[in-house]
Structures are given as structure tokens and as C-alpha cells.
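A.B. asks: Prediction below, plus the sequence it came from.
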Amino acid sequence: MALAYDILIYPVLAFVAVYFSTPLLIGYLYKINICVLDRNKKNMPAIPISGGLAVLSGILLSLFIFIFFRKFFAATLGHVSIFADSANLVLLFAALLSIFIITLVGFLDDLVIPADKSSSAGLRQWQKPLLTLTAAIPLMVVSAGTSYMWFPFLGRIEFGLLYPLVLIPLGVVGAANMVNLLAGLNGLETGMGLVYIGMLGLYAYVYNRPIAALIALVSFASLLAFYYYNKVPAKILPGDSLTYLLGAVLASLAILGNMEKAVLICSVPFFVEFVLKLRSKLQAHSFGYWKDSTLHSLHGRKIYSLTHLFLRTGKFTEKQIVYSFMFIELLLSSLIWVI
């Protein structure tokens, strides 16, 4: 897929939008008191939550401008290509709408904060999949993606109507809620997102999946800008608004890019996290507590989360744990090129 260099304008727009909107969002969230304690710090300061709203602003701004120019000025600018095709623009708009809806659901989840601000209490477990299901509707009604999938040893399987009516909603709901499981350390969700979205974007580009590559490109740029504020020590926490957004981006890449296998490989840590969390009936926390400059587990020697592999030792700082997970994700994401 030949790269039109003007495409690079849009990730730049996304980066700038998030970089300058995040401080404004931080100030506003402080003002309306949407803050929770950063449990991984010595003094447990209260900091704003729901940084996904800033990332959403970058994705929406850049891709809305992209759609506008491709719809009205593509021929004039000499960009008559797959990006100017009305059907593809409809698919892109459907993906944007799904990302927008699911981010708002995550924001609603972030708003439920107890009086002691110990953490975001969130919606009830049965409410989360029900509300995130609404985000699948735009991709369902435009019948996004292909109706078949490739499986190891089985080959190509045709799903027909089951794909838009069953697999798409399952994919969106599953992706949103699984990303939400592995969270709780400064920069963890954002850092891992940078790795797997960056790798999937490169994969989409190499294998000529332009719509998926574009979504990944602007999402990566938005996350990169947000990471500056979310890395240790975080000035803002991502909240469910970002984890749900990341899930919707993953689902969109899988569906629009016909990249289900690659997305599943990148998602291995989340599947493992789900199994571990089930051992605690989904009650365990991925974060820890600060002691002598390192983080320790709230659950002793038990392993109810992948983060507990590090926390139970009491030998690692928050930054070291986050970088370790980013490296692990990089190794796993690299497998999409050989499997």
C-alpha cells in the first residue's frame, strides 16, 4: 500500500489535540472533583481520572477532518483512492461512532466514585457488557468486515449473518471489558496500548488494510501524547473511558482490517488476566501499595493478576513493572508476523 504523505498530517493533528487538551481536562476534572487516590504512591494523592476523553478528542478531531477532506476535496487534491471511496468512509465513520459511544460508557463508569475516593467504584458487573453492547450497533448496521474467518487447522469458515449479528457485538463487548481487566498502574494501559496498536497498525499497513492502518495511526499518536501525562508519576489516570476506548479500537482493527487472528495474539495478556481474576471471583486488584520505594501486593503471595508476579516480590518500582509489561507485550505482538 503506497503511503500518501499527506496522511501523516492526521496523526500530527491527533497528537497536538491530545497534548494540549489533556491539561485542560486535568484542570476541569479537578474542578468538578472527579478524582481518585493513586494507590501506588507513598502519600496516595488524589488525581483526576477518565483521561480517555482526551485521547478520544484526538482521534475524533483528526479523523473527522480526514473524512471531510476526503469527501469534498479528494478529486481536487488529487487523492482519488480507496480513502475517498464512500463505502470505506461509511465504515470509518461507523468505527468512530463505536469508539465514541464506548468511551462515553467508560466515562459513566468513571463517574461512580465513593466518598473516600479510594478508587472508581464503577458500574455493576452486569451493566458493563450491556452498555458496551450499544457501541457495537454502528459496526453491525453497516455490516462491517468480512463474513468469514480463518482458523488454524480448520481453514476458512463462513459465518454469514452470524458475523454482523453475533460476532461483531461479541468482539466489541469482549475487547472493551478485557482491556479493562489489566489496569491500575501509572502508564500501564497507555504503554501497552502504544505497543499493540502500533504493531497492529504496522501489520495493517504492510498487508494493505488502509482503514485499519489509519485508525491505528491516529490512535497511536493520541496515546503517545497522553502517555506524557499518564506515565509515572501520573498527572491523570486513564480510567475506564480509555480502557473501553482501547477495546473499541482493537475491535475496529480486527473487524475492518480482517485481522482477528493478529488482534487475538496481541490480546493474550488480557485472556490470561481474565483467568487469573476469575480465581478471585473478579475481586482482586492489579495495583499494589508503596513501601520502601517499591510496590507490594495487596494479596500477599497469591497470584490473582499478572501484576502480582512482580508485586508479590516487593522488589520492583512502578516504573519497572510498567516497562516490563510493555516489553512482554512487544514480544507477544511481534508473533503476529510469524503465526
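C.D. replies: Happy to help now that I have it.

A.B. asks: Tell me where the protein is predicted with low confidence.
C.D. replies: Low-confidence segments of the chain, defined by pLDDT under 70: 1-5, 74-85, 115-123, 126, 144-159.

A.B. asks: could you pull out the strands for it?
C.D. replies: Along the chain, counting by DSSP state E, strands occupy 35-37, 46-48, 148-151, 155-158, 288-291, 294-297.

A.B. asks: how about the nearest residue to residue 92, chain neighbours excluded?
C.D. replies: Distance criterion C-beta to C-beta, 6 or more residues apart in numbering; nearest residue to residue 92, sequence neighbours excluded, is residue 211 at 5.6 Å. Glycine gets a C-beta too; all of them are placed from N, C-alpha and C.

A.B. asks: Would you check that the one you found makes contact with residue 255?
C.D. replies: No: if you go by C-beta atoms under 8 Å, residue 211 and residue 255 don't touch, sitting 10.0 Å apart.

A.B. asks: need the contact list for the nearest residue to residue 227 once chain neighbours are set aside.
C.D. replies: Nearest-residue entry for residue 227: residue 190, 4.7 Å, with adjacent residues in sequence omitted and distances by C-beta to C-beta, 6+ apart. Residues in contact with residue 190 (C-beta atoms under 8 Å, 6 or more residues apart in numbering) are 223, 226, 227, 230, 231, 238, 242.

A.B. asks: switch the cut-off to 10 Å
C.D. replies: When contacts are counted by C-beta atoms under 10 Å, 6 or more residues apart in numbering, residue 190 touches 51-52, 55, 183, 222-224, 226-231, 234, 237-238, 242-243, 246, 322, 326.

A.B. asks: ok so, going back, go ahead and confirm the residue nearest to residue 92 touches residue 253.
C.D. replies: Yes: with contacts counted by C-beta atoms under 10 Å, residue 211 reaches residue 253, the gap being 9.2 Å.

A.B. asks: These two - which one has more neighbours?
C.D. replies: Counted by other C-beta atoms under 10 Å, residue 211 and residue 253 do not tie: residue 253 has more neighbours, with 30 against 22.

A.B. asks: Give the closest residue to that one in space, chain neighbours not counted.
C.D. replies: Residue 253's closest residue in space is residue 212 (C-beta to C-beta, 6+ apart), at 4.8 Å.

A.B. asks: quick one: that neighbour from residue 88, how far?
C.D. replies: Counting by C-beta to C-beta, to the nearest Å, the gap from residue 212 to residue 88 is 11 Å.

A.B. asks: Spit out the residues that contact the two alike.
C.D. replies: Shared contacts of residue 212 and residue 88 (C-beta under 10 Å, 6+ apart): residue 256.

A.B. asks: the more surrounded of those two?
C.D. replies: For residue 212 versus residue 88, neighbours defined as other C-beta under 10 Å are more numerous around residue 212 (29 against 17).

A.B. asks: Tell me how many other residues crowd the nearest residue to residue 165 once chain neighbours are set aside.
C.D. replies: Nearest residue to residue 165 in three dimensions, chain neighbours excluded: residue 140, at 6.8 Å (C-beta to C-beta, 6+ apart). Residues contacting residue 140 under the criterion other C-beta under 10 Å number 20.
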